[in-house]
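Asks: Only the shape, not the letters, is given here:
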């Protein structure tokens, strides 16, 4: 599941930690002699949405994502908020960005970041409201132009074929986005398991005991990657971004399978070097997925706004 705020695309599984909405109304209180005051509704307040976010270097660039949020706030522009299922929430302005650094490397480079943003409803001019995204006003309905019976039948058949193709493309894009998100999430778990196994290099027996769990975590990454490649391949003839996603997916899948194969012959004498090899392959796979992030985000945004 994913969402689009203006040009900023979020994966709900990896980015969203919370999504809180607040809806209020204003009432005027009129005092009465020898009685309780009466309330009179005067209007509704602006809707407010608070989103808690988590960014980690394994699936994004935390500093870049924070910069994008700050830039969106400083632009002082209303942005459309649309969920991946097509649920259009309305137009909002970004009024607050709060960030907390949770982890850095020795050089001070940001690794993990938690952030929260506040969105307030933008009403604008009620006489000329902002349109929902991907809506083209002023176009006459298809039925407004009469067609001969034979042409009408052909048009209906062509329309049905095009609709079926569009649905197939959207479903493939959703599979690409979902599989990428699942692979990134599983990748973080596998990297953590690998780091734990590496910390036991001085105790080969203990390191060997970690291999079954490490192998299982690698499988959890391989499964969504195996779904990602066919989905991306089905889009290469339709969407130009798909070719780069397919290359990254195939590279990551090959690296994961190399890592899995290296563990099959591990013993007390070579377990440390095998685990180091797994770590290198995971880093390579993670980098490949990260390289495909912009293209995946563009595809997700196009599905949300119904441009494909």
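Replies: On my side now, so go ahead. For clarity, every value in this text was computed on a predicted model and none was experimentally measured. Numbers count the residues shown, from 1 in each chain.

Asks: can you map out the strands along the stretch 51-200 of the chain?
Replies: For the stretch 51-200 of the chain, applying DSSP state E, counting those that start in this stretch gives strands covering 79-83, 88-104, 110-121.

Asks: would a markdown table of those with distance to residue 248 be doable?
Replies: For every residue, glycine as well, the C-beta is placed using N, CA and C. Compiled in a markdown table, the strands of the stretch 51-200 of the chain are given as follows (distance: least, Cβ to Cβ, whole Å):
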| stretch | distance to residue 248 |
| --- | --- |
| strand 79-83 | 26 |
| strand 88-104 | 25 |
| strand 110-121 | 22 |
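
Asks: Of those, which is nearest residue 175?
Replies: Between residue 175 and the strands of the stretch 51-200 of the chain, the shortest gap by Cβ to Cβ is with strand 79-83, which sits at 17.6 Å.

Asks: other SSEs contacting the closest one?
Replies: Strand 79-83 makes packing contacts with strand 2-5, strand 88-104 when contacts are defined by 3 or more Cβ pairs under 8 Å, 6 or more residues apart in numbering; DSSP states H and E.

Asks: Report the distance from it to the chain centre.
Replies: In terms of Cα atoms, centre = their mean, to the nearest Å, the gap separating the centre of strand 79-83 from the centre of its chain is 13 Å.

Asks: Quick one: mean pLDDT for it?
Replies: Mean per-residue pLDDT for strand 79-83: 79.

Asks: Going forward, count from 763.
Replies: New numbering, starting at 763: the last item is strand 841-845.

Asks: What angle do strand 850-866 and that strand make with each other?
Replies: Counting by axes from the mean of the first three to the mean of the last three Cα atoms, to 10 degrees, strand 841-845 lies at 90 degrees to strand 850-866.

Asks: tell me the most buried of the helices and strands packed on strand 841-845?
Replies: Comparing the helices and strands packed on strand 841-845 by mean neighbour count (mean count of other Cβ atoms under 10 Å), strand 764-767 ranks first with a mean of 23.

Asks: still on that earlier bit, could the helices and strands packed on strand 841-845 be laid out in CSV, adding mean pLDDT and distance to residue 963?
Replies: Shown next, in CSV, are the helices and strands packed on strand 841-845 (pLDDT from 0 to 100; distance: least, Cβ to Cβ, whole Å):
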stretch, mean pLDDT, distance to residue 963
strand 764-767, 69, 39
strand 850-866, 86, 23
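
Asks: wait, which of those is closest to residue 933?
Replies: Between these, strand 764-767 lies closest to residue 933; by Cβ to Cβ that is 14.3 Å.

Asks: now for the helices and strands packed on strand 841-845, which one comes closest to residue 1060?
Replies: Across these, closest to residue 1060 is strand 764-767 (Cβ to Cβ), at 10.7 Å.

Asks: Run through the stretch 963-1070 of the chain and note the low-pLDDT ranges.
Replies: 1063-1070 (pLDDT under 70).

Asks: again, only using 90
Replies: Scanning the stretch 963-1070 of the chain with the threshold set as pLDDT under 90 gives 963-979, 982-984, 986-1011, 1022, 1024-1036, 1045, 1047-1070.

Asks: Helices of that one, start to end?
Replies: For the stretch 963-1070 of the chain, the helices defined by DSSP state H, counting those that start in this stretch cover 966-971, 973-995, 1003-1025, 1033-1053, 1055-1066.

Asks: Dump those into TSV; add distance to residue 939 and mean neighbour count as well.
Replies: Output for those, formatted as TSV (distance: least, Cβ to Cβ, whole Å; neighbours: other Cβ atoms under 10 Å):
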stretch	distance to residue 939	mean neighbour count
helix 966-971	36	15
helix 973-995	9	19
helix 1003-1025	10	20
helix 1033-1053	12	19
helix 1055-1066	5	21
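
Asks: Which one of those lies nearest to residue 874?
Replies: The nearest among these, by Cβ to Cβ, is helix 1033-1053 at 14.6 Å.

Asks: which other residues reach the closest one?
Replies: 820-823, 942, 945-946, 949, 952-953, 956-957, 959-960, 963, 966, 969-970, 973, 976, 980, 983, 1006, 1010-1011, 1013-1015, 1017-1018, 1020-1021, 1024-1025, 1027-1028 (Cβ atoms under 8 Å, 6 or more residues apart in numbering).

Asks: same thing with stretch 865-882?
Replies: By Cβ under 8 Å, 6+ apart, the list of residues contacting stretch 865-882 reads 767, 779, 808-819, 824-825, 827-828, 831, 843, 854-864.
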